[in-house]
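# quick one, fold the following:
(one chain, ligands or ions: 1)
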Amino acid sequence: MKRAVYPGSFDPVTYGHLDIIRRASQIFDVLIVSVLNNKEKTPLFSVEERVNILREATKDIPNVQVDSFSGLLINYAAEKDLHIAVRGLRAITDFEYELQIAQTNRKLSDGKLDTMFLTTSLEYAYLSSSSVKEIASFGGDISQCVPEFVEKLIYDKYRIRKQNKE
Ligand code: PNS
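From the prediction side, this is the model:
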């Protein structure tokens with residue numbers, strides 16, 4: 001069984017991530033999409049919410065599982081006996097950051113965790129979770145960026161945040 005992990009923040013999942021998930025799920029027998037629980041960042045969605053969103057968004061892809069992890073990816077991968085991490089590359093600006101993480105993970109894991117890159121489909125090359133959140137926070141249209149149910153959840157969050165501030 002060829003298994004791989006697709007780690008990320010997924011705050012929230014976008015069509016760009018879903019494109020990578022769909023394509024990676026055709027390459028591997030099992031793809032585990034795993035949400036990083038990063039205590040240093042203040043996310044829009046909690047880890048549980050992000051996991052649930054990902055489960056809903058990938059429910060039609062049977063070989064995709066959704067999980068979460070804390071700490072180093074290499075430790076999580078070792079625990080789950082996973083040896084390939086999948087990441088998407090949008091543009092040259094992603095490359096340096098991704099190369100550094102991939103090489104660090106390979107070195108720290110003594111070669112046990114390697115990274116495979118898929119280039120994002122051109123139609124999603126401009127997309128990022130942070131730009132989606134920024135557009136939504138100003139009431140802009142994000143319908144081309146995320147599934148409809150995610151769009152609703154994002155707007156609900158901003159409404160809640162606005163109410164809390166008032
Ligand atoms: O979606 P993101 O935020 O670009 O994903 C980044 C992620 C989660 C892949 C990366 O930050 C990660 O694996 N973090 C876990 C901590 C870790 O293992 N760091 C070592 C690499 S320098």
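
# C-alpha coordinates for stretch 103-111, PDB please?
What follows is the C-alpha trace of stretch 103-111 in PDB, where atoms were taken according to Å, rounded to 0.1, in the frame of the first residue of the first chain:
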ATOM      1  CA  GLN A 103      15.400  19.200   3.100                       C
ATOM      2  CA  THR A 104      15.100  19.700   6.900                       C
ATOM      3  CA  ASN A 105      12.500  16.900   7.200                       C
ATOM      4  CA  ARG A 106      14.700  14.600   5.100                       C
ATOM      5  CA  LYS A 107      17.800  15.400   7.200                       C
ATOM      6  CA  LEU A 108      16.000  15.300  10.600                       C
ATOM      7  CA  SER A 109      14.300  12.000   9.700                       C
ATOM      8  CA  ASP A 110      17.600  10.300   8.500                       C
ATOM      9  CA  GLY A 111      16.000  10.000   5.000                       C
END
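
# lowest confidence element among the helices and strands of the chain?
Using mean pLDDT, DSSP states H and E, helix 148-165 stands out as the lowest-scoring helix or strand of the chain, at a mean of 85.

# residue 25 in helix, strand or coil?
On the three-state scheme (DSSP: H, G, I helix; E, B strand; the rest coil), residue 25 is labelled helix.

# mind checking how far it is from the ligand?
To the ligand, residue 25 is 18 Å away according to Cβ to the nearest ligand atom, to the nearest Å. In this view, the C-beta of every residue, glycine as well, is placed from N, C-alpha and C.
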